[in-house]
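Give me the fold of what follows.
(chains A and B)
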Amino acid sequence: MASVALKSFVGLRQQASTEKPHYFFTSQSQTKPPRKLKFQVLASKSSPRLTNRNLRVAVIGGGPAGGAAAETLAKGGIETYLIERKMDNCKPCGGAIPLCMVGEFDLPLDIIDRRVTKMKMISPSNVAVDIGQTLKPHEYIGMVRREVLDAYLRERAKTNGAEVINGLFLKMDVPKDGVSPYVLHYNGFDGKVGGVGEKRTLEVDAVIGADGANSRVAKAIDAGDYDYAIAFQERIKIPDDKMAYYEDLAEMYVGDDVSPDFYGWVFPKCDHVAVGTGTVTHKGDIKKFQLATRKRAKDKILGGKIIRVEAHPIPEHPRPRRLLGRVALVGDAAGYVTKCSGEGIYFAAKSGRMCAEAIIEGSENGKRMVDERDLRKYLEKWDKTYWPTYKVLDVLQKVFYRSNPAREAFVEMCADEYVQKMTFDSYLYKTVAPGNPLQDLKLAVNTIGSLVRANALKKEMDKLSV
Amino acid sequence: MSISLALFSPPTQPLPLFSSSPSKPHLTVKPHLSLRPSKFLTTTKASAENGAGTSPSAATALEIQPDQKVAETPRQVVQKGESSVGANGSAGAVEIEEDNVLSQFMDPKWVGGTWDLSQFQKDGKTDWDAVIDAEARRRKWLEGNPETSSNDAPIVFDTSIIPWWAWIKRFHLPEAELLNGRAAMIGFFMAYLVDSLTGVGLVDQMGNFFCKTLLFIAVVGVLLIRKNEDLENLKKLLDETTFYDKQWQATWQDEKPGSSKN
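The predicted model follows:
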């Protein structure tokens, strides 16, 4: 265990040296493939030129991934269709976005309901650690309502020329060759409410599947399944005096009572708090965990009324297949949610954009047909850019969410300012600032110390029960 | 490593003292837990009761207000829409009610969210072993009765205030004898084996890189594999660490046969 912890921090450093953020495809189109791949990726300049029309791409799903993809595509001169089933869909979601997303996606500040600057982590033995102390005055974690964010991104895609279709995607016919169009079948609603909709078809040259965990696009390309965590969340309206405490503060509870492999949370929303928990391994017990989470937060949410109960799946890892032919998956449909923190909005939007950029580049702004090789560039770049982040968080989850003693050690570790700084830097900006090797060493030693101490205590506890 | 282990081994004799002394506090403290349930209730719940009066009858009120009248108020937590939760909730609610009576960890030595070290004095020094015992007991208790976190009474106890030698003395030394003995035996037979196979004597082996590596492996092995199950656990750990990599790389492995087919 100890050696694993050590390794993870080495990994962090390596990542810092190799990974540089690239936000625009133009700046680095000629990078080398991340690992040795058996096949050679060539730019498909050989693919046929399109006559009389531009490339047509359908984006299925209008969440952050779909919205970002559609906007980028439309800007790149591609004929874009965005199919969304429910325009005011309010997906159950924590709704936290990192600071860099505001800048990168140019989000207006008024869609951010709350700016969280304090984060409290509470260990199984109720040691509370405030981990926002190192934040600079302008830094915060944004809390958004998904219905607002999604609508905004869709609207922007529309302004840029994408055609937004209110419809339910049903299935698609996959062509045998590389030039014939994909035929999408969907029920169009046209703003009618409650109707079944009318069956329609749409012919496109490429498809981006951004339709979430139960993706029909993924089914259509036989993308395989992923393990998922179930997240359960209650929106609770609490009295104003209690709400004042959650003004700019979020809480994370860890412990076996709250979740055996994830954490319980209290997140501030626009005028209420969301109290929830998640788990992969004990999905059947989720209600029990929810009760425990509520109990742990009891003093602070006393007298609250539950206004809404919701649950949703969180992917644990990417699907075995993320693209086939001219169909690519992005966001939750592909499974881009980090472990440990369970963050997905930023990665969804980012993957949507990255995929769209790959299509634009491959098609020379919509003038040529694209093929699998063009789309595969998106996957390559994605894995190269974000794989280290995912891996580090996976290691953190495995080391620190393992057992109660490990969680105690985790909270102890988070009390350290250096840890907080590193955590927030990497969360808010999605880059890892090179750390100080001496500090790293100190941190590693302290962490191992914490782990050893907590596990020693655990041993003693086991003896007590006998 | 083995040298440092050896340094620690002499004081093994006093160990029996350590293992016997903590058992006494057990006996003395436990009764406290069970004997005084009602007393601290008033102190901890006073603030909560202010809020109790505001919405006692609402069906969707989130939490049972903690009060002493357990028997006469069959109030229940009822959630919207979900009957199963309702059932669970009500069962839980009764439980909550009940362990409200005991839901705060109580111990005369636990003062202001930490162990009052002045009460752990023994011969003018702090008896760290007793502190470790007390904390283990507290955590054990908390596992069974998760406690509501509170801003008014934060937990400030940090295990790092217990000095490192207290941990070593308690948790490492009992095993040190065994490990040292094992390391010595393995070292001796390895040296013997290498000598008999290669003819390189013990002194020359010390200057040999291969032999140094062997020594290192032996020491690490002795430390990591203490029981037979440890080997299994290490294997599992290795699988676990590479599992996520495999899940990610599935896309790329799938590619080769896939692309040749198409």
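
which ones are touching B:Thr148?
By CB atoms under 8 Å, 6 or more residues apart in numbering or on different chains, B:Thr148 lies in contact with A:Lys295, A:Arg296, A:Ala297, A:Lys298, A:Asp299, B:Ser103. In this view, the C-beta of every residue, glycine as well, is placed from N, C-alpha and C.

and the host helix or strand of B:Leu197, what other elements does it pack with?
Element membership for B:Leu197 (DSSP states H and E) is helix B:173-198. Applying 3 or more CB pairs under 8 Å, 6 or more residues apart in numbering or on different chains; DSSP states H and E, we find helix B:173-198 packed against helix B:2-8, helix B:202-206, helix B:209-224.

Pick out the shakiest of those, pLDDT-wise.
Note on the helices and strands packed on helix B:173-198: lowest mean pLDDT is at helix B:2-8, with a mean of 42.

Tell me the strands beside the helix or strand that contains A:Gly167, with direction?
Per DSSP H and E, A:Gly167 falls inside strand A:163-173. Here strand A:163-173 is paired, per DSSP bridges, with strand A:79-84 (parallel), strand A:182-188 (antiparallel).

Now do the buried residues in it.
For strand A:163-173, burial by neighbour count (16 or more other CB atoms under 10 Å in any protein chain shown) applies to A:Val164, A:Ile165, A:Asn166, A:Gly167, A:Leu168, A:Phe169, A:Met172.

Can you name the residues bridging to the nearest residue to the second one once chain neighbours are set aside?
Just to be clear, that refers to A:Ile165. In space, and not counting its chain neighbours, A:Ile165 is closest to A:Ile83: 4.9 Å by CB to CB, 6 or more residues apart in numbering or on different chains. Residues in a beta bridge with A:Ile83, per DSSP bridges, are A:Ile60, A:Ile165.

What is the neighbour count of A:Ile83?
Per other CB atoms under 10 Å in any protein chain shown, the neighbour tally for A:Ile83 reads 26.

So which bits of the helix or strand harbouring A:Val309 are buried?
Using DSSP H and E, A:Val309 sits in strand A:305-315. Buried residues in strand A:305-315, counted by 16+ other CB under 10 Å: A:Lys305, A:Ile306, A:Val309, A:Ala311, A:His312, A:Pro313, A:Ile314, A:Pro315.

Adding pLDDT and distance to A:Lys176, write the residues you listed out as JSON lines.
Listed next are the buried residues of strand A:305-315 as JSON lines, based on pLDDT from 0 to 100; distance: CB to CB, whole Å:
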{"residue": "A:Lys305", "pLDDT": "89", "distance to A:Lys176": "57"}
{"residue": "A:Ile306", "pLDDT": "90", "distance to A:Lys176": "52"}
{"residue": "A:Val309", "pLDDT": "89", "distance to A:Lys176": "47"}
{"residue": "A:Ala311", "pLDDT": "87", "distance to A:Lys176": "40"}
{"residue": "A:His312", "pLDDT": "86", "distance to A:Lys176": "36"}
{"residue": "A:Pro313", "pLDDT": "87", "distance to A:Lys176": "33"}
{"residue": "A:Ile314", "pLDDT": "87", "distance to A:Lys176": "36"}
{"residue": "A:Pro315", "pLDDT": "88", "distance to A:Lys176": "31"}
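
shaky segments in the stretch 351-466 of chain A?
In the predicted model of the stretch 351-466 of chain A, residues A:432-433, A:466 satisfy pLDDT under 70.

One more: the stretch 101-250 of chain B?
In the predicted model of the stretch 101-250 of chain B, residues B:101-103 satisfy pLDDT under 70.

for residue 162, phi and psi?
Unless you meant another one, I'm taking chain A. When read as degrees, to the nearest 10, the backbone of A:Ala162 gives phi -80, psi 150.

pretty sure it is touching A:Thr80, no?
Yes: using CB atoms under 8 Å, A:Ala162 makes contact with A:Thr80 at a distance of 3.9 Å.

Now do the shared contacts for the two.
A:Val59, A:Ala70, A:Leu73, A:Ala74.

what about B:Ile186, distance to B:Tyr192?
11 Å (CB to CB, to the nearest Å).

tell me the contacts of B:Gly144?
Per CB under 8 Å, 6+ apart, neighbours of B:Gly144: none.

quick one: the helices in the stretch 301-450 of chain A?
Secondary structure of the stretch 301-450 of chain A (DSSP state H, counting those that start in this stretch): helices at A:331-334, A:345-362, A:372-400, A:404-414, A:417-429, A:437-465.

Other residues contacting stretch A:161-168?
For stretch A:161-168, the external contacting residues (CB under 8 Å, 6+ apart) are A:59, A:62, A:70-71, A:73-75, A:79-85, A:87, A:154, A:157-158, A:186-191, A:197, A:200, A:202.

CA atoms only for that stretch, dumped as CSV, please.
The C-alpha coordinates for stretch A:161-168 follow below in CSV (Å, rounded to 0.1, in the frame of the first residue of the first chain):
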residue,chain,number,x,y,z
GLY,A,161,-25.4,27.8,-37.1
ALA,A,162,-26.1,24.3,-35.8
GLU,A,163,-29.6,23.1,-36.3
VAL,A,164,-31.1,22.0,-33.0
ILE,A,165,-33.8,19.3,-33.3
ASN,A,166,-36.1,18.4,-30.5
GLY,A,167,-36.3,14.7,-31.0
LEU,A,168,-35.8,11.3,-29.5
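
Buried by neighbour count: which residues of the helix holding B:Leu197 qualify?
Residues of helix B:173-198 classed as buried: B:Leu173, B:Ala176, B:Leu179, B:Asn180, B:Arg182, B:Ala183, B:Ile186, B:Gly187, B:Met190, B:Ala191, B:Val194 (neighbour count, 16+ other CB under 10 Å).

which of those lies closest to chain A?
B:Leu173 (12.3 Å; CB to the nearest CB).

now that closest one: how far from B:Asp129?
Where B:Asp129 is concerned, B:Leu173 sits at a distance of 12 Å (CB to CB).

repeat for A:Leu135
Look at A:Leu135 and B:Asp129: by CB to CB, they are 40 Å apart.

do the same with A:Ala334
53 Å.

so where do the helices sit in chain B?
B:2-8, B:15-20, B:23-35, B:37-52, B:83-100, B:128-144, B:164-167, B:173-198, B:202-206, B:209-224, B:228-261 (DSSP state H).

Which residues are in contact with A:Leu55?
A:Leu55 neighbours (CB under 8 Å, 6+ apart): A:Ile78, A:Glu79, A:Asp205, A:Ala206, A:Ile359, A:Ser363, A:Gly366, A:Lys367, A:Arg368, A:Met369, A:Val370.
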